[in-house]
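Q: 3D model of this:
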Amino acid sequence: MAEYTTSKPEWAPEQDDNNFACGVMSGIEGITDTTVGNLNPALKDGTMKPKRKMILSVDDYIKGVSAGDRVTLARAITLIESNNPHHFGKAQQVLQGLLPRTGKALRVGITGVPGAGKSTMIEAFGNMLCDMGHRVAVLAVDPTSSVTKGSILGDKTRMGTLSRRDEAFIRPSPAGGTLGGVARKSRETMLLCEAAGYDVILVETVGVGQSETTVRSMVDFFMLIVLTGAGDELQGIKKGIMELADAIVVNKADGDNYLKAKVARGEYERMIEFIRPATEGWRTHAYLASAVKKTGLKELWDIIRAFNKVTHDSGVFQRRRDSQLLDWVHSMIDEHLHNLFFDDPVVLGRMPEIREAVLKGSISPTQAVAELIHIFDVQRATQRHVDVFHPENGK
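A: Next up, the predicted model:
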């Protein structure tokens, strides 16, 4: 049986004393519920029982999420987001067991430039929906640093009142990772929230220009939050993000800014005339709202409900859902094959030589690609595929 241990980081003082409280845990692989003495000695000697299991089975996850238990839901999402190959198979079993309970929520994507008030809008909008009797899940896609590979995951702190409500669940998710990144993890997180009984899913993007296309391919209704002073009609035509929006919301339409917001709304309405609608059979319009004053939110929800009815009646809703599933499969294939190629040991070994030859002009980039693909062994990659998707076979 594995021992649960902690170790000091390399920058810790050499002389260990009780004043230094930072430690690195070894992980919980192979650890049972009672072998957590370093966390609490009373658990190890049996004088105290843990309130929850440290390690959940597939059935534990399925039962807990189906019952709407938020702690189990959070742990299931952590399992889904894990990059540990040993967690992948278990996570997929959990998701497979919960699939019959998914697909019934309304999925709304929310994007906008930094400072547009996305988080404030989501909190006000989510509180209103909770007051109406809905259960709301908020998924905030947080950018992952290309340098440190970490994410701040601080969006929840901006939604203080909504995060305390029993009807709401807020989960920041990192954009980076393997096997699909935001496309896989955020989609699967969304399915888990639906299985837990949340009927409205709000997906917040990290900001204009980064993950809007991905989020658009995950949701039913896509909302663009803007500010005043956006520019003229020509500037609007150049903004590709507007082609994705089912509604444009001019936020902060209150106080001294109200008249400016009305002018901005008119400008956006004129911009929209030059843009093809994002959804077949639905005409995008601009609306006024104030997350601080909580005005325009009910009207916005009425617009979303109208969109839901129109697209359901026309069949566009289901066709979009079907298309999104197929796009998900294709993106997963692309990502998986990409990882198999660049993780191949022979390719990794030859890559420095090929890279140097390209930089020196000895071979063209096309020749470099041809050579790398030539040394890529499909059978070796197939074994790698088995190891990733069925890690239990290697135990």
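Q: how many other residues sit next to Met250?
A: You called it Met, but residue 250 is Val. 28 (other C-beta atoms under 10 Å). From N, CA and C alone the C-beta is placed, and that goes for glycine too.
Q: show me what contacts it?
A: Residues counted as contacts of Val250 (C-beta atoms under 8 Å, 6 or more residues apart in numbering) are Val226, Leu227, Thr228, Ala261, Ala264, Arg265, Tyr268, Ala286, Tyr287, Leu288, Ala289.
Q: for Leu325, same thing?
A: Listed by C-beta under 8 Å, 6+ apart, Leu325 has no contact partners.
Q: Helices along the stretch 251-395 of the chain, start to end?
A: 258-272, 297-314, 316-343, 345-360, 365-375, 378-389 (DSSP state H, counting those that start in this stretch).
Q: Tabulate the ones you listed (CSV), appending distance to Ile201 and mean pLDDT.
A: Shown next, in CSV, are these (distance: least, C-beta to C-beta, whole Å; pLDDT from 0 to 100):
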stretch, distance to Ile201, mean pLDDT
helix 258-272, 26, 90
helix 297-314, 12, 97
helix 316-343, 13, 88
helix 345-360, 39, 92
helix 365-375, 40, 92
helix 378-389, 27, 66
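Q: who wins for proximity to Leu139 among those helices?
A: Nearest to Leu139 among the helices of the stretch 251-395 of the chain is helix 316-343 (15.3 Å), distances taken as C-beta to C-beta.
Q: Please name the residues that touch Arg350.
A: Glu371, Leu372, Ile375.
Q: Lys63: which of the residues you listed is nearest?
A: Leu372 (47.4 Å).
Q: what's the burial count for the closest one?
A: Count around Leu372 with other C-beta under 10 Å applied: 17.
Q: lowest confidence element among the helices and strands of the chain?
A: The weakest-scoring helix or strand in the chain, judged by mean pLDDT, DSSP states H and E, is helix 233-238 (a mean of 45).
Q: Can you name the next helix or strand after that helix?
A: strand 247-250 (DSSP states H and E).
Q: Walk me through which strands that following strand pairs with, and which way each runs.
A: Here strand 247-250 has these sheet partners by DSSP bridges: strand 221-226 (parallel), strand 286-288 (parallel).
Q: Any idea which of the ones you listed gets closest to Thr78?
A: For the strands paired with strand 247-250, the distance to Thr78 is smallest for strand 221-226, at 27.4 Å, taking C-beta to C-beta.
Q: if we can go back for a sec, now the strands paired with strand 247-250 as a markdown table including mean neighbour count and mean pLDDT?
A: Compiled in a markdown table, those are given as follows (neighbours: other C-beta atoms under 10 Å; pLDDT from 0 to 100):
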| stretch | mean neighbour count | mean pLDDT |
| --- | --- | --- |
| strand 221-226 | 25 | 92 |
| strand 286-288 | 19 | 94 |
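Q: Within the helices and strands, which one has Tyr198?
A: Under the assignment here (DSSP H and E), Tyr198 is part of no helix and no strand.
Q: nearest spatial neighbour of it, skipping sequence neighbours?
A: Spatial nearest neighbour of Tyr198, excluding adjacent residues (C-beta to C-beta, 6 or more residues apart in numbering): Ala137 at 3.9 Å.
Q: quick one: the one you found and Cys193 touch, right?
A: Yes: at 3.8 Å, Ala137 and Cys193 qualify as touching, with contact defined as C-beta atoms under 8 Å.
Q: how much space between Arg306 and Lys104?
A: Actually, residue 306 is Ala rather than Arg. The spacing between Ala306 and Lys104, counted by C-beta to C-beta, to the nearest Å, is 19 Å.
Q: Show me the strands in the stretch 1-150 of the chain, by range?
A: Per DSSP state E, counting those that start in this stretch, the stretch 1-150 of the chain carries strands over the ranges 6-7, 24-25, 106-112, 136-142.
Q: In TSV, list the ones you listed along with mean neighbour count.
A: Shown next, in TSV, are the strands of the stretch 1-150 of the chain (neighbours: other C-beta atoms under 10 Å):
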stretch	mean neighbour count
strand 6-7	10
strand 24-25	12
strand 106-112	24
strand 136-142	25
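Q: Flag whichever of the ones you listed has the least confidence on average.
A: Taking each of those in turn, the one with the lowest mean pLDDT is strand 24-25, at a mean of 57.
Q: Nearest approach to Arg321 belongs to which of the strands of the stretch 1-150 of the chain?
A: strand 106-112 (9.1 Å).
Q: Report the backbone C-alpha coordinates of stretch 339-356 in CSV.
A: C-alpha atoms of stretch 339-356 as CSV (Å, rounded to 0.1, in the frame of the first residue of the first chain):
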residue,chain,number,x,y,z
ASN,A,339,-0.4,14.6,-29.6
LEU,A,340,0.5,11.1,-30.9
PHE,A,341,2.8,12.6,-33.5
PHE,A,342,4.6,15.1,-31.3
ASP,A,343,4.9,12.6,-28.4
ASP,A,344,6.4,9.9,-30.6
PRO,A,345,9.9,9.1,-29.2
VAL,A,346,11.5,8.7,-32.7
VAL,A,347,10.0,12.0,-33.9
LEU,A,348,11.2,13.7,-30.8
GLY,A,349,14.6,12.3,-31.2
ARG,A,350,14.9,13.5,-34.8
MET,A,351,13.2,16.9,-34.4
PRO,A,352,16.3,18.9,-33.2
GLU,A,353,18.3,17.8,-36.3
ILE,A,354,15.4,18.6,-38.7
ARG,A,355,14.8,21.9,-37.0
GLU,A,356,18.4,22.9,-37.4
